[in-house]
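> Based on what follows, work out the 3D shape:
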Amino acid sequence: MKKLIVIFSIIIIGLTASWYFDIWNKPVEAIDELIGHNYDYAHKIYFRTDPDRNYTININDNLNEFDGGILNKKEILTDSIVHVFTWDYPNHKKSIWVGQTEKMESQVIDAIRYSNNVEF
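The predicted structure is shown next:
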């Protein structure tokens, strides 16, 4: 019985450490299942909550490193204004960039998941 308690305790500690240190994910990774969908899909189906933060950028202005990745998708945008939405989780964040394209008015242009300790 003592061995079973020790094994169970080790498993619980291991699972908790895996979750806390987020070892199963890369520091920054794309959320491919969101790219190309509209904002309503991301908001209502994927996240199911309101974002914790949002702001607007103009892709013709000087962008910081965090927002600069959107320039790779500049050719599909029909407007220079892009909205950035971020959801906070205990050990990571998820951000999406939403802009107007020929395909739709509020298309998710880029989406990433990144650890809290990542600096851009």
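
> got the residue ranges for the strands in the protein?
28-30, 53-58, 77-88, 92-101, 107-115 (DSSP state E).

> list the helices and strands the last one packs on?
The reference is to strand 107-115. Here strand 107-115 touches strand 28-30, strand 92-101, going by 3 or more C-beta pairs under 8 Å, 6 or more residues apart in numbering; DSSP states H and E. For glycine as for every other residue, the C-beta is placed from the backbone atoms N, C-alpha and C.

> Determine which of the strands of the chain approaches M1 most closely.
strand 92-101 (38.1 Å; C-beta to C-beta).

> could you give the angle of that closest one to strand 107-115?
170 degrees (axes from the mean of the first three to the mean of the last three C-alpha atoms, to 10 degrees).

> G36: neighbour count?
Counted by other C-beta atoms under 10 Å, the residues lying close to G36 total 15.

> didn't it look like it was pressed against Q107?
Yes. With contact defined as C-beta atoms under 8 Å, G36 reaches Q107; the gap is 6.8 Å.

> any idea how far G36 is from M104?
9 Å (C-beta to C-beta, to the nearest Å).

> The helices and strands packed on strand 107-115: lowest mean pLDDT?
Mean pLDDT is lowest for strand 28-30 out of these, coming in at a mean of 93.

> partners of that strand, with directions?
strand 107-115 (antiparallel) (DSSP bridges).

> Return the distance of the strand it pairs with from the chain's centre.
The chain centre lies 4 Å from the centre of strand 107-115; the measure is C-alpha atoms, centre = their mean, to the nearest Å.
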